[in-house]
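Asks: need a 3D model of the following:
(2 chains)
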2 protein chains.
Amino acid sequence: MKLFKAEEYIDQLSIDSVIFGYKNKELKVLVAKVHFEGDFWSLPGGFIYKEEGTDLAAARILEERTGLRDIFLEQYRVFGQEGRSNNVLFENLLNVPKSDFFTKEDFKWLSQRFVSIAYYALVEIDRVKLSKGVFDEKVEWVDYKKLPNLIMDHSLMVEHALETLRLNFDRKLIGFNLLPETFTMRELKELYEAVYDKPFARNNFQKKMLDLNVLERLEKKYTGAANKAPYLYRFKH
Amino acid sequence: MKLFKAEEYIDQLSIDSVIFGYKNKELKVLVAKVHFEGDFWSLPGGFIYKEEGTDLAAARILEERTGLRDIFLEQYRVFGQEGRSNNVLFENLLNVPKSDFFTKEDFKWLSQRFVSIAYYALVEIDRVKLSKGVFDEKVEWVDYKKLPNLIMDHSLMVEHALETLRLNFDRKLIGFNLLPETFTMRELKELYEAVYDKPFARNNFQKKMLDLNVLERLEKKYTGAANKAPYLYRFKH
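Replies: As a prediction, the model looks like this:
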């Protein structure tokens, strides 16, 4: 069963995606263990059909590799250094007999120098369902500070994606759709603390958020109990 | 004299650059009139050698097309929509007998669907010297609000580049190296007004700039004249 057809794709051009996941006040990254011998981990990535739009390709590849659909993917950078190639990985794989997806010709194609268009996203882990793609042994959420040994420049890709995520995060907040419909100021603060990996002072944080003018404070319901429940907020439309 | 060798480049991948130029309180964009019949204008762009780094390719292409060297080019986005091709331009050119740089095979290659990596820069017009490339009839600085009819999605490229330029411009200020070694607050304000296409109130602007903590105010020289010369500033190192 040969699934991979190099001739259908644009030569020397790939896509890789850094998918950050948020859960329990922690920021994780989605990585895949390549479905062969050896300890090779990579970001979910793939190739672009000759007539396929890049954004569509990024969404398709992500779904094929991880089962994730309808994610707000943002293109953030191209990694196109000279000498950027998978050859170490694929030289190893050349000797793996069970790799029935690829021929030796495919390996040669895959070992070329590649320019990669990188995307990133941030999702709430509980809302998404993973399912590994045909090329992967497994896909996993890992702590972004404890990444396994990623191939090529994939660690650098994560680093740059994190920088991009942090830059103007206020403006991205709504688009990423990370919080439940209504949430407390504390939940919002915990999200910021996970993204920036540092604590924020409660009062300053609240003031800063309210100044952004994107939050709507909901009326408290009268419960009869002592009025200690925190205010709930939602994003203005 | 056939100068163009399609087989040396990565297939279906190109680079285009939006070069903003600043002079006399105005923001301009560098465009090239393609060196053939017809009224085709484009951003300075080209292709990437199979083993060439993308940033190096962007710098090389810009120099070949415009003579500009050592420009701080920043990659900002990929334009890779499905159906993105030069075919209208090149179908026209197919009938041009004097195009001795290209063969019909080259035109076919050039008419494919292309993914383009876009770069932008901002330069002081007086500091740079243009010299048209072999493929261009001329290269020109034009008002960014009065662009000629650009091919493909090049107008959109300019629009997105301008958005990117404006986003966090404060942080880019020093890197772009746009002002003389020393400058007045007024000169700085004029630059901002050109980039954002709107006036800034003098006092607010000055306060905002000083709050950035990147400016060093120089002592005024004693000239004997009435002390009306404005303060000079320079960037802190």
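
Asks: now do stretch A:25-32: everything it contacts.
Replies: A:18-22, A:41-44, A:65-66, A:68, A:125, A:130, A:132-133, A:135-144, A:147-148, A:150, A:158, A:190, A:193-195, A:197 (CB atoms under 8 Å, 6 or more residues apart in numbering or on different chains). (C-beta placed from N, C-alpha, C; glycine too.)

Asks: in PyMOL, select just the buried ones from those.
Replies: Selection command for PyMOL covering only the buried members of those, criterion 16 or more other CB atoms under 10 Å in any protein chain shown:
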select buried, chain A and resi 18+19+20+21+22+41+42+43+44+65+66+68+125+130+132+133+135+136+139+140+141+144+147+150+158+190+194+195
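
Asks: and the helix or strand encompassing A:E137, average pLDDT?
Replies: Per DSSP states H and E, A:E137 falls inside strand A:136-143. The average pLDDT within strand A:136-143 is 89.

Asks: right, and the helix or strand after the worst-scoring helix or strand of chain A on mean pLDDT?
Replies: One helix or strand of chain A scores below all others by mean pLDDT, DSSP states H and E: helix A:87-93, with a mean of 66. Following helix A:87-93 in sequence order, the next helix or strand is helix A:104-110 (DSSP H and E).

Asks: tell me the buried residues in the following helix or strand past that next one?
Replies: Toward the C-terminus, helix A:104-110 is succeeded by strand A:115-124 as the next helix or strand (DSSP H and E). Going by neighbour count (16+ other CB under 10 Å), the buried part of strand A:115-124 is A:V115, A:S116, A:I117, A:A118, A:Y119, A:Y120, A:A121, A:L122, A:V123.

Asks: same check on stretch A:60-74?
Replies: A:R60, A:I61, A:L62, A:E63, A:E64, A:R65, A:T66, A:L68, A:I71, A:L73, A:E74.

Asks: flag the least confident of those.
Replies: A:R65 (83).

Asks: just confirm that residue is within a strand.
Replies: No. Looking at A:R65 with DSSP: H, G, I helix; E, B strand; the rest coil, it is helix, so not inside a strand.

Asks: distance check, it against A:L110.
Replies: As judged by CB to CB, to the nearest Å, A:R65 and A:L110 stand 15 Å apart.

Asks: same check, this time on A:A161
Replies: 23 Å.

Asks: neighbour count: these two, which is higher?
Replies: A:A161 (26 against 19; other CB atoms under 10 Å in any protein chain shown).

Asks: tell me the domain boundaries of chain A?
Replies: Residue ranges for the domains of chain A, per the TED database: A:6-176, A:179-235.

Asks: end to end, how far does the longest one reach?
Replies: Using CA to CA, to the nearest Å, one end of domain A:6-176 lies 34 Å from the other.

Asks: what about A:N203, how many residues nearby?
Replies: Residues near A:N203, counting by other CB under 10 Å: 8.

Asks: just A:K228 next, same as before
Replies: That count, for A:K228 with other CB under 10 Å as the rule, works out to 6.

Asks: state the pLDDT value of it.
Replies: 71.

Asks: does it count as helix, strand or coil?
Replies: Going by three-state DSSP: A:K228 is coil.

Asks: residues in contact with it?
Replies: A:K228 touches nothing, counting by CB under 8 Å, 6+ apart.

Asks: gap between the residue nearest to A:T184 when sequence neighbours are not counted and chain B?
Replies: Excluding the flanking residues, the one nearest A:T184 by CB to CB, 6 or more residues apart in numbering or on different chains is A:P230, at 4.5 Å. The gap separating A:P230 from chain B is 33 Å, by CB to the nearest CB, to the nearest Å.

Asks: ok, A:P230 - contacts?
Replies: Per CB under 8 Å, 6+ apart, neighbours of A:P230: A:T184, A:M185, A:R186.

Asks: report the buried members of those.
Replies: So, by 16+ other CB under 10 Å, the buried ones in the contacts of A:P230 are A:M185.

Asks: who's in contact with A:K236?
Replies: Taking CB under 8 Å, 6+ apart, one finds A:N213, A:V214, A:L215, A:E216 in contact with A:K236.
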